[in-house]
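Novice: Okay, predicted coordinates and the sequence, questions at the end:
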Amino acid sequence: MFEIECPYCGRRDGSEFSYAGEAHISRPSGDEEISDEAWAGFVFMCRNIKGVQAERWVHSAGCRRFFNMLRNTATDQILAVYKMGEEPPEVEKQPLPSPSGESLGSGNDAVQVMGKGET
Amino acid sequence: MSDPRRKSPLAHRKALNAPDGAVSLRERAFLAKFILRVSADGEVAEVLKLPVMANTSLKHNGSTILWLGPDEWMFMAAADGGGEMKARLGEFLGGVHHQLTDVSDHYTVIEISGRKAYEILMKLTPFDLHPGAFKIGHVAGTMFGKTAGLIINRSVDMPEFDIIVRWSMADYLWCLIAEAGREFGLPAQEPVGQVRGLRYREAS
Ligand SMILES: [Zn+2]
């Protein structure tokens, strides 16, 4: 069972939650003047990190509030949960072993391991 | 019930009772329900007696107030108490930035009670309903099978829960609970939504 800590309701089953994309992406301002490229960048281009990623989640079956989460996309380990508008808390940037036991990023050189703040 | 033409989503169902009072199932139709969204800062929470602690509820002036979110509450009252409740809320909220929505006909309430109620619901939801965790008066939004619902612990001497469910999912949840309760003697219920849909397609 996959459990998530809602910042309002507490620990609940993962099936009550929905993923809502990468966090801390701000919508470009000035609707009409923005180029198609800028819009495409905002709508479609995600970083797709293997490692610790800041994500938005919503407690869709519970309090229906959005919140942010720092999650290791390779292991599903949740490192932190924080409210909308808050800065991501500092977490120890320590590469965790993947479920199969190999270190992050090994086995596929095309995949870049990214930590928090790296681009 | 003021309007005799009004038909509840489970009007075609009769209350179910398992032998020996193991479990009973009935609809509490037409309860007045309002959703209030307002900032809990200031005196609003105190004046309206809003339960500010997550997943709790309060009884006040004949209505039950449920916590739905950090700035969202549901007010429930008897079927005919809606107008009065709305007027009373309006009185306090006049000068406050808020949103008040009548959701009486958006949801209905299924009541499940009896000493096996807890065992039955345990099969349908991932939420921890153990009385040690989900205490009397507590409320939680969670999943029941494939539908979302809001559950309230109304137990007094015996387990008793209200599940607030969307109108269109009420029959689904009713049949699901009956199915889960078959081992305790609840009769099987045929989901009529599907049968009706079938007839409609045949006719067209
Ligand atoms: Zn929540």
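Specialist: Thanks, I have it. Numbers count the residues shown, from 1 in each chain, chains lettered A, B, ... in the order given.
Novice: For the rest of this, base every contact and every neighbour count on C-alpha atoms.
Specialist: OK.
Novice: Give me the pLDDT for whatever residue of chain A ends up closest to chain B.
Specialist: Scanning chain A for the residue nearest chain B gives A:Gly62, at 4.1 Å (criterion: Cα to the nearest Cα). Model confidence at A:Gly62, given as pLDDT, is 95.
Novice: contacting residues around it?
Specialist: Counting by Cα atoms under 8 Å, 6 or more residues apart in numbering or on different chains, A:Gly62 makes contact with A:Cys9, A:Glu16, B:Leu68, B:Ala140, B:Gly141, B:Thr142.
Novice: got a winner among those residues for most neighbours?
Specialist: B:Leu68 (27 neighbours; other Cα atoms under 10 Å in any protein chain shown).
Novice: elements contacting the helix or strand containing it?
Specialist: Per DSSP states H and E, B:Leu68 falls inside strand B:63-69. In terms of contacts (3 or more Cα pairs under 8 Å, 6 or more residues apart in numbering or on different chains; DSSP states H and E), strand B:63-69 is packed against strand B:57-60, strand B:72-77, strand B:139-144.
Novice: Rounded mean pLDDT for that strand, please.
Specialist: pLDDT averaged over strand B:63-69 gives 96.
Novice: now stretch A:11-18
Specialist: Stretch A:11-18 shows a mean pLDDT of 95.
Novice: Next, the buried residues of it.
Specialist: A:Arg12, A:Asp13, A:Ser15, A:Glu16, A:Phe17 (16 or more other Cα atoms under 10 Å in any protein chain shown).
Novice: Make TSV out of those and add distance to B:Met122 and secondary structure.
Specialist: Shown next, in TSV, are the buried residues of stretch A:11-18 (distance: Cα to Cα, whole Å; DSSP: H, G, I helix; E, B strand; the rest coil):
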residue	distance to B:Met122	secondary structure
A:Arg12	15	strand
A:Asp13	13	strand
A:Ser15	15	helix
A:Glu16	15	helix
A:Phe17	19	coil
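Novice: Chain B next: which of those are close?
Specialist: When contact is defined as Cα under 8 Å from any Cα of the partner chain, those meet chain B at A:Arg12, A:Asp13, A:Ser15, A:Glu16.
Novice: could you pick out which of the contacts of A:Gly62 are near the ion?
Specialist: A:Cys9 (Cα under 5 Å from the ion).
Novice: Below-threshold pLDDT in the chain: ranges please.
Specialist: Let's take chain A. Low-confidence segments of chain A (pLDDT under 70): A:1, A:93-119.
Novice: To clarify, I was referring to chain B.
Specialist: B:1-2, B:193-204.
Novice: one more time with 50
Specialist: Within chain B, the set of residues satisfying pLDDT under 50 comprises B:1, B:197-204.
Novice: For B:Met74, see how far away A:Glu90 is.
Specialist: With distances taken as Cα to Cα, to the nearest Å, A:Glu90 is found 37 Å from B:Met74.
Novice: Mind checking which of the two has more residues around it?
Specialist: Ranked by neighbour count (other Cα under 10 Å), A:Glu90 and B:Met74 place B:Met74 first, with 22 against 10.
Novice: ok, that one to B:Lys59 distance?
Specialist: Distance from B:Met74 to B:Lys59, by Cα to Cα: 12 Å.
Novice: pretty sure B:Gly149 is in contact with B:Ile164, am I right?
Specialist: Yes - when contacts are counted by Cα atoms under 8 Å, B:Gly149 is listed as touching B:Ile164 (5.6 Å).
Novice: More neighbours: those two, which one.
Specialist: Higher neighbour count among B:Gly149 and B:Ile164: B:Gly149, with 25 against 20, using other Cα under 10 Å.
Novice: so the nearest residue to the more buried one once chain neighbours are set aside is in which element?
Specialist: If the residues on either side of it in the chain are set aside, B:Gly149 comes closest to B:Val165, at 4.9 Å by Cα to Cα, 6 or more residues apart in numbering or on different chains. According to DSSP H and E, B:Val165 maps onto strand B:160-166.
Novice: before we move on, what about A:Ala38?
Specialist: Per DSSP H and E, A:Ala38 falls inside helix A:36-43.
Novice: Can you give the strand pairings for the strand holding B:Val165, parallel or anti for each?
Specialist: strand B:107-113 (antiparallel), strand B:147-153 (antiparallel) (DSSP bridges).
Novice: and the next helix or strand after that strand, anywhere near chain A?
Specialist: The C-terminal neighbour of strand B:160-166 among helices and strands, as given by DSSP H and E, is helix B:170-180. No - using Cα under 8 Å from any Cα, helix B:170-180 stays clear of chain A, with a minimum separation of 15.2 Å.
Novice: got the buried residues for helix B:170-180?
Specialist: Buried positions in helix B:170-180, judged by neighbour count with 16+ other Cα under 10 Å: B:Ala170, B:Asp171, B:Tyr172, B:Leu173, B:Trp174, B:Cys175, B:Leu176, B:Ile177, B:Ala178, B:Glu179, B:Ala180.
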